[in-house]
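Enquirer: Dropping the sequence and predicted coords here.
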Amino acid sequence: MFHKGFFKGILGAGVALTLATGLPAIAQETVKVGLILPMTGASASTGRQIEAAAKLFIAQNGNKVAGKTIELIVKDDQGTADMSKRLAQELVVNDKVSILGGFGLTPLALAVGPVATQAKVPAIIMAAGTSMIVDQSPFFVRTSFTLPQNTTPIAVWSAKNGIKKVVTLVSDFGPGLDAEKSFKAGFEANGGQVIEQLRAPLANPDFAAFLQKAKDLKPDAVFLFVPSGQGATLMKQVAERGLAQAGIKVIGTGDVTDDDLLNSMGDDLIGMITSHNYSTDHNSPENAAFVAAFNKANPNMRPNFMAAGGYDGMALIYKALEKTGGSTDGVKLVEAMKGLAWTSPRGPISIDPATRDIIQNVYIRKVEKKNGQLYNVEFDTIPNFKDPTHK
């Protein structure tokens with residue numbers, strides 16, 4: 001039998017060690033992950049999707065990994081870059097987070113880059129799609145997509161399927177400019193011609209005048225990109241302008257036919273062709289299980305590509321912590337993330353060790369009605385596609 005003073009002595013030594021090293025005895029067993037998301041404002045659907053998917057991943061996989069407890073802290077940046085940066089600073093300094101994530105729009109991610117770099121905290125891009133984001137900090141790692149990655153396939157497909165002249169209409173910010181440039185490059189390299197490039201303001205956009213101008217130019221098709229959440233407004237105005245009746249095809253990236261909002265857009269979208277990295281309708285066992293679990297946890301909410309980015313963002317964090325044995329050293333975590341590969345609800349994905357960007361399948365899809373609901377139904381696949389702007 002141990003003397004009752006034995007445990008008292010051991011405990012006393014533990015407290016003395018903790019005070020001497022300055023390390024909290026319990027807190028270091030918790031890994032805090034700070035998600036900075038637009039939970040209110042024009043991009044609120046993005047925040048809701050990523051938060052729901054991150055919480056679902058933890059519910060399915062448990063809140064323990066490599067002997068550590070995962071604690072999720074969600075902050076609303078209201079879609080403003082200044083707020084994103086301030087929240088990142090507070091999460092790092094006050095909350096002592098080991099990992100940041102989220103970032104619903106490109107300006108929000110870019111605002112956080114200097115904070116992540118200075119604090120050496122990995123920042124997982126779960127939404128924002130401008131190609132150059134990952135170049136702005138060695139601690140950025142992306143699980144979403146890039147616009148060149150999602151745009152180039154529809155450009156090539158269009159040129160090879162009888163579309164000769166196109167007008168492009170994009171939101172006037174980083175991803176939109178990426179989409180515009182990538183579409184033109186891919187389309188014209190395959191024999192097409194972009195006859196006009198139109199840009200709508202990101203904030204409070206009214207697309208009517210741009211769509212009328214596009215219609216008056218009589219192209220074979222209009223290529224569209226707007227960020228997640230703005231597709232319903234855009235497509236309502238597309239219908240009002242009568243592009244289909246004028247014989248003008250409407251094509252775009254899957255941001256426009258966002259699964260979260262697709263059913264509210266109406267049957268005018270049936271037949272629209274887009275390219276993208278995820279559809280709720282993706283046919284795989286992993287996606288069937290993901291959609292069922294997501295719907296059960298979030299009734300009347302369909303997972304979209306932002307949910308896929310959030311879900312895989314948490315998977316990346318868990319896999320990296322397993323690889324480091326629970327170490328939260330930022331440099332070690334980023335190194336652990338490079339080259340990781342797994343099967344996601346969207347298909348096979350991996351993190352390019354050279355760029356820290358995502359490699360994934362991109363799908364050509366058509367809007368179809370199934371069981372009374374609209375879906376982006378995939379009919380072609382470009383496998384393991386890298387961002388084409390990263391050499």
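Expert: Yes, it's here. Residues are numbered from 1 along each chain as shown.

Enquirer: in the helix or strand encompassing G47, what's buried?
Expert: Assigned by DSSP states H and E, G47 belongs to helix 44-61. Using 16 or more other CB atoms under 10 Å as the test for burial, helix 44-61 gives 44-58. C-beta here means a position set from N, CA and C on the backbone, and glycine is covered the same way.

Enquirer: any idea how far I359 is from G47?
Expert: 26 Å (CB to CB, to the nearest Å).

Enquirer: Also S144?
Expert: 13 Å.

Enquirer: For L177, state which of the buried residues of helix 44-61 is nearest.
Expert: T46 (19.4 Å; CB to CB).

Enquirer: Report the contact partners of that closest one.
Expert: Contacts for T46 (CB atoms under 8 Å, 6 or more residues apart in numbering) come out as 37-38, 104-105, 127, 227-229, 306.

Enquirer: try 10 Å
Expert: Neighbouring residues of T46 by CB atoms under 10 Å, 6 or more residues apart in numbering: 37-39, 79, 102-105, 126-128, 227-229, 258, 260, 304-307, 309-310.

Enquirer: Give the rounded mean pLDDT of the helix holding G47.
Expert: Per-residue pLDDT values over helix 44-61 give a mean of 96.

Enquirer: got the contact list for V238?
Expert: 169, 207-208, 211, 214-215, 222, 224, 231, 244, 248, 250, 252, 256, 265, 268-269, 272.

Enquirer: Any idea which helix or strand in this structure has the lowest mean pLDDT?
Expert: Every helix and strand in the chain was compared by mean pLDDT, DSSP states H and E; the lowest is helix 4-21, with a mean of 37.

Enquirer: Moving C-terminal from that one, which element do we reach first?
Expert: Later in the chain than helix 4-21, the nearest helix or strand by DSSP H and E is strand 30-37.

Enquirer: Quick one: neighbours of M301, just the number.
Expert: Neighbour count of M301, defined by other CB atoms under 10 Å: 15.

Enquirer: Need the pLDDT of it.
Expert: Looking at M301, the pLDDT reads 93.

Enquirer: Does it belong to a helix, a strand or coil?
Expert: Three-state assignment for M301 (DSSP: H, G, I helix; E, B strand; the rest coil): coil.

Enquirer: Equivalent analysis for K85, please.
Expert: Following three-state DSSP, we place K85 in the helix state.

Enquirer: In this model P114 seems to touch it, though I could be wrong.
Expert: Yes: using CB atoms under 10 Å, K85 makes contact with P114 at a distance of 7.9 Å.

Enquirer: For this protein, which residues score under the pLDDT cut-off?
Expert: 1-28, 391 (pLDDT under 70).

Enquirer: Skip the chain neighbours and tell me the closest residue to the spatially most central residue of it.
Expert: What sits nearest the mean C-alpha location of the chain, by CA atoms, centre = their mean, is A127, with 2.5 Å. If the residues on either side of it in the chain are set aside, A127 comes closest to G104, at 4.8 Å by CB to CB, 6 or more residues apart in numbering.

Enquirer: dump the residue contacts of the one you found.
Expert: 36-39, 41-47, 49-50, 77, 79, 84, 126-128, 144, 227-229, 306, 309.

Enquirer: any idea how far it lies from T46?
Expert: According to CB to CB, G104 and T46 sit 4 Å apart.

Enquirer: you'd agree I364 is in a strand?
Expert: Yes: in this structure, I364 lies within a strand as judged by three-state DSSP.

Enquirer: Who does it form a beta bridge with?
Expert: Counting by DSSP bridges, I364 forms beta bridges with S275, D380.

Enquirer: That one: neighbouring residues, count only.
Expert: 20.

Enquirer: next one: the one 5 residues further on
Expert: A total of 13 residues lie near K369 under the criterion other CB under 10 Å.

Enquirer: Let me see the contact set for it.
Expert: Shown in contact with K369 (CB under 10 Å, 6+ apart): 263, 267, 269-270, 375, 377.

Enquirer: and with 8 Å instead?
Expert: K369 touches 267, 270, 375, counting by CB under 8 Å, 6+ apart.

Enquirer: Check the gap between the second one and H282 for me.
Expert: Which is I270. 19 Å.

Enquirer: Check the last one too.
Expert: Shown here: Y375 relative to H282, a distance of 10 Å by CB to CB.

Enquirer: So which of the two has more stuff around it?
Expert: For Y375 versus H282, the count of surrounding residues by other CB under 10 Å is larger for H282: 24 against 21.

Enquirer: coming back round to it: export the contacts of K369 as CSV, with columns for distance to T389.
Expert: Below are the contacts of K369 laid out as CSV (distance: CB to CB, whole Å):
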residue, distance to T389
D267, 36
I270, 33
Y375, 30
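
Enquirer: Nearest to K319 among the residues you listed?
Expert: Nearest to K319 among the contacts of K369, with distances taken as CB to CB, is Y375, at 30.0 Å.

Enquirer: and that closest one, that's in a strand?
Expert: Yes: under three-state DSSP, Y375 sits within a strand.

Enquirer: Contact partners for it?
Expert: 259, 262, 279-281, 367-369.

Enquirer: tell me which of those is nearest to S350?
Expert: Among those, and counting by CB to CB, the member closest to S350 is S279, at 19.9 Å.

Enquirer: ok, that closest one - how many residues close by?
Expert: 24.

Enquirer: and if you look at the one 5 residues further on?
Expert: Number of residues near S284 (other CB under 10 Å) recorded here: 14.

Enquirer: Same check on S264?
Expert: For S264, the number of neighbouring residues by other CB under 10 Å comes to 12.

Enquirer: wait, it sits on T233?
Expert: No: counting by CB atoms under 8 Å, S264 stays clear of T233, with 10.7 Å between them.

Enquirer: Please report the distance of A232 from D268.
Expert: Taken as CB to CB, the span from A232 to D268 is 12 Å.

Enquirer: Helices of this protein, start to end?
Expert: Assigned by DSSP state H, the helices in the chain fall at 4-21, 44-61, 81-93, 106-119, 147-159, 174-189, 208-216, 231-241, 285-297, 305-324, 330-337.
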